[in-house]
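A.B. asks: here is a sequence together with a model predicted from it:
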Amino acid sequence: MRNGSDGNGPGKRPHATLAEEFDPLTGRMLGNFPAGRRTFRFGPKRGRRPRGWFGQTQTFDTLDYLAEAGVEYIGDWVLDDEPVTVKTAYRPVVALPYNFEIHDIVMMALQHHPSVVMYSRALDQFRCLYDEAAERAKIMAIACHPYLSGAPHRIAHVQRAFEEILGHDGVVAWDGAKILDWYRAQGARH
């Protein structure tokens, strides 16, 4: 996957605000606001509106609010290697595959693996999924953050992994919107 791919361009993040307070113990929104009082703004001030959401903090109600605001997909639920359509109170949202196995924060900052592990683990995961993809398409998420994967002692291993993976027939690097469009074109219910 590529960063900055929802029409905002590299380095630009969508603007989002929830104008309600939530209880951190239960994760539920406080207050009984009528629809007109609950405000959720999502999108850039100029340009195209983002179609997807990638966020770290979610409550039990977040997916419903995202669906109500027009979000079509989320990309931060740890899932298998195929998209899943999730029911919400407003309309279905597609959850794209994401993992903590090929993830630089997990491997480098938490598990303290040597830099080469990003390459070896990514290739091991890819080989398995590539073989399985002979029967049906698979999606491999790789989580890279510039402050970790971009470090001088790691970048060559990350680059080598991407070059080897993308060098195989039928392998593409798509952003979330492209995956969503492909998934829907396959006849997925949405």
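C.D. replies: Looks like it came in fine.

A.B. asks: how long is stretch 145-155 end to end?
C.D. replies: Across its full length, stretch 145-155 reaches 11 Å end to end, with CA to CA, to the nearest Å as the criterion.

A.B. asks: over to stretch 129-145?
C.D. replies: 23 Å.

A.B. asks: what sits up against it?
C.D. replies: Contacts made with stretch 129-145 from outside it, assessed by CB atoms under 8 Å, 6 or more residues apart in numbering, are listed as 1, 3, 75, 81-83, 96-100, 102-106, 122, 125-126, 150, 158, 161-162, 165, 168, 170-171, 179. To be clear about C-beta, it is placed using only N, CA and C from the backbone, and glycine gets the same treatment.

A.B. asks: so what's the residue positioned nearest the centre of the chain up against?
C.D. replies: The geometric centre of the chain, computed from its C-alpha atoms, lies nearest to residue 75 (CA atoms, centre = their mean), at 2.4 Å. Taking CB under 8 Å, 6+ apart as the criterion, residue 75 is in contact with 1, 52, 53, 54, 95, 96, 98, 141, 176.

A.B. asks: give me the neighbour count for residue 73.
C.D. replies: Taking other CB atoms under 10 Å as the neighbour definition, residue 73 ends up with a count of 26.

A.B. asks: pLDDT value on it, please?
C.D. replies: Predicted confidence (pLDDT) at residue 73: the value is 95.

A.B. asks: what bridges to it?
C.D. replies: Beta-bridge pairing for residue 73 (DSSP bridges): residue 52, residue 94.

A.B. asks: any idea how far it is from residue 125?
C.D. replies: To residue 125, residue 73 is 22 Å away according to CB to CB, to the nearest Å.

A.B. asks: cool, residue 58 as well?
C.D. replies: If you measure residue 58 against residue 125 using CB to CB, the figure is 25 Å.

A.B. asks: please say which of these two ends up with more neighbours.
C.D. replies: The residue with more neighbours, out of residue 58 and residue 125 and counting by other CB under 10 Å, is residue 125; that gives 19 against 15.

A.B. asks: give the contact list for the more buried one.
C.D. replies: For residue 125, the contacting residues are 101, 102, 140, taking CB under 8 Å, 6+ apart as the criterion.

A.B. asks: neighbour-wise, give me the winner out of those.
C.D. replies: The most crowded member of the contacts of residue 125 is residue 102, carrying 21 neighbours; neighbours defined as other CB under 10 Å.

A.B. asks: was I right about it contacting residue 119?
C.D. replies: No. Taking contact to mean CB atoms under 8 Å, the distance of 10.5 Å between residue 102 and residue 119 leaves them out of contact.

A.B. asks: in the protein, spot the helix with the most residues.
C.D. replies: Using DSSP state H to assign secondary structure, the helix with the most residues in the chain is helix 116-132.
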